[in-house]
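Participant: dropping the sequence and predicted coords here.
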Amino acid sequence: MGRAQKYVLLGDATYPLQDWILKPYQEDENLTQRQLQFNYRLKRAHSVIENAFLRLKARWQILLKCDDCSLELLPTLVLACCILHNVCEAHDNPFNEEWLEGTEPTELPKPCQPAPAAMEDNRAEQVRELMCQYFESCGEG
């Protein structure tokens, strides 16, 4: 993109735009084609992440009932599951689709209203615009 970027998290419209949180443009009739494409790609990336977490929870169902373990152990438990999951995925260890039956995708509670504009970082719009330009230069996909 012609400029070094740090990592960013993907958020939805309820999160404030920050230089480390990418969120979609607000959906309205004034969006440009480039902004619509950005929103589309952000949504696609978000679905990949949701699928990865769904597979992680299905493979390691102990993550579905972490309330059984102490708070001190919880980060280690989650990290161990992530590492083991990535090892299984990297070595094409078969994923049993039946595991998904026990893992209903649950929505974590999140704000109902968008974050106030005062919480947004003006520099973050530059990051989003750079991503927008990058997606446009990559073509469809």
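Facilitator: Structure received.
Participant: correct me, but Glu27 touches Asn39?
Facilitator: Yes - contact criterion C-beta atoms under 8 Å: Glu27 and Asn39 qualify, at 7.2 Å. Just so you know, the C-beta spots here come from the backbone N, C-alpha and C atoms, and that holds for glycine as well.
Participant: compare neighbour counts for the two and give me the winner.
Facilitator: Asn39 (19 against 11; other C-beta atoms under 10 Å).
Participant: can you pull the buried residues of the lowest-mean-pLDDT helix or strand in the chain?
Facilitator: Scoring the helices and strands of the chain by mean pLDDT, DSSP states H and E places helix 122-138 at the bottom, with a mean of 84. Neighbour counts over helix 122-138 (16 or more other C-beta atoms under 10 Å) mark Ala124, Val127, Arg128, Met131, Cys132, Phe135 as buried.
Participant: any idea which of these is closest to Trp60?
Facilitator: Of all the buried residues of helix 122-138, Met131 has the smallest distance to Trp60: 32.1 Å, by C-beta to C-beta.
Participant: for that closest one, give its distance to Asn93.
Facilitator: 34 Å (C-beta to C-beta, to the nearest Å).
Participant: in a markdown table, list the buried residues of helix 122-138 along with distance to Tyr7.
Facilitator: Below are the buried residues of helix 122-138 laid out as a markdown table (distance: C-beta to C-beta, whole Å):
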| residue | distance to Tyr7 |
| --- | --- |
| Ala124 | 14 |
| Val127 | 11 |
| Arg128 | 15 |
| Met131 | 12 |
| Cys132 | 18 |
| Phe135 | 17 |
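Participant: which residues are in contact with stretch 19-34?
Facilitator: 6-13, 15-17, 35, 38-39, 42-43, 114, 121, 123-124, 126-128, 131-133, 135-136 (C-beta atoms under 8 Å, 6 or more residues apart in numbering).
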